[in-house]
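# Take a look and give me a structure for this.
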Amino acid sequence: MTNENNEIVEHLADMELGQEGVVSKKEEVLKEKETEFKEAVNNSKAPKKRWYIVHTYSGHENKVKVNLEKRIEYMNMGDKIFRIEVPQKTVTKMKDGKKTDREEKIFPGYVLVEMIMDDDSWYVVRHTAGVTKFVGSSKKPIPAKDSEIKKIIHKTQNQVAKVELDVKAGDKVRIISGPFSEFIGDITEVYPDKSKLRAMVSIFGRETPVELEYKQIQKI
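Numbering: from 1, shown residues only. Purely as a prediction, here's the structure:
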């Protein structure tokens, strides 16, 4: 073989090695991309934390919350069960001129649980004292819509205290604040949902209808 032929063979060999290097690198990149894709698919199939609604015995909502929090800690389930919420609102009651506050359940008999649903987490929640069932079928609890949960939690956090007053049409009340302070009125209508009422007040000898908030009056 001539020197020229040797040079050609060596050149071809170098080209083949180069091509193999390119192909090898391409295969490596493809394998990396395939691995990334498989991981993405697996992650998309991995269970995600969702909100579930749990039905409880009436009046046991807060007990269920406390019991479940203890079970989560004792059974080391903090990586699967995250938050327990009992939506409540503050109700202010006026009686004999005295104001008392109390917490009132927005959804009596229900507790919200944020969790990753699997056999273990289901068992921990379902077998907590006071829990009767998950909302949904017995075999497949149905997660609540995130938009609904956000509305409920937002409503709870921004709840305006509701005022209750034991009054009815025909009762006499003393106005204790506002422009008609110290006037006496006779209630004609009561609006419990608005914590307001309408009363007839004698102003300059003339009966005048006045709308008042519960906090502005005191029952006589």
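
# Quick check: what element follows the helix or strand of the chain at the bottom of the mean pLDDT ranking along the chain?
Least confident helix or strand, the chain: helix 3-45 with a mean of 55, by mean pLDDT, DSSP states H and E. Downstream of helix 3-45, the next assigned helix or strand under DSSP states H and E is strand 49-56.

# which of the residues in that next one are buried?
Buried residues in strand 49-56, defined by neighbour count with 16 or more other C-beta atoms under 10 Å: 49-54, 56. In this view, the C-beta of every residue, glycine as well, is placed from N, C-alpha and C.

# And for stretch 183-201?
Buried-residue list, stretch 183-201, by 16+ other C-beta under 10 Å: 183, 185, 187, 190, 195-197, 199, 201.

# Now those residues in a markdown table, please, with extra columns for distance to Ile217 and pLDDT.
What follows is the buried residues of stretch 183-201, written out as a markdown table (distance: C-beta to C-beta, whole Å; pLDDT from 0 to 100):
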| residue | distance to Ile217 | pLDDT |
| --- | --- | --- |
| Phe183 | 10 | 91 |
| Gly185 | 7 | 92 |
| Ile187 | 9 | 92 |
| Val190 | 11 | 91 |
| Ser195 | 11 | 84 |
| Lys196 | 10 | 89 |
| Leu197 | 7 | 91 |
| Ala199 | 8 | 93 |
| Val201 | 11 | 93 |
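
# Go through those and say which is closest to Thr208.
Val201 (5.5 Å; C-beta to C-beta).

# now, which of the buried residues of strand 49-56 sits nearest Tyr74?
Using C-beta to C-beta, the buried residues of strand 49-56 come closest to Tyr74 at Val54, 18.4 Å.

# Correct me if wrong: the closest one contacts Phe107.
No. Counting by C-beta atoms under 8 Å, Val54 does not reach Phe107; the two are 10.9 Å apart.

# Tell me the residues that contact both of the two, please.
By C-beta atoms under 8 Å, 6 or more residues apart in numbering, Val54 and Phe107 have no common neighbours.

# would you list the buried residues of strand 49-56 in a markdown table and tack on distance to Val173 and pLDDT?
As requested, the buried residues of strand 49-56 are arranged in a markdown table below (distance: C-beta to C-beta, whole Å; pLDDT from 0 to 100):
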| residue | distance to Val173 | pLDDT |
| --- | --- | --- |
| Lys49 | 51 | 91 |
| Arg50 | 50 | 94 |
| Trp51 | 44 | 95 |
| Tyr52 | 47 | 95 |
| Ile53 | 42 | 94 |
| Val54 | 43 | 95 |
| Thr56 | 40 | 95 |
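
# any idea which of the residues you listed is closest to Pro143?
Arg50 (3.8 Å).

# beta partners of the closest one?
On the basis of DSSP bridges, Arg50 is bridged to Met115.

# Ile152 - nearest residue in space that isn't next to it in sequence?
Counting by C-beta to C-beta, 6 or more residues apart in numbering, Ile152 lies nearest to Pro87, which is 5.4 Å off, once chain neighbours are set aside.
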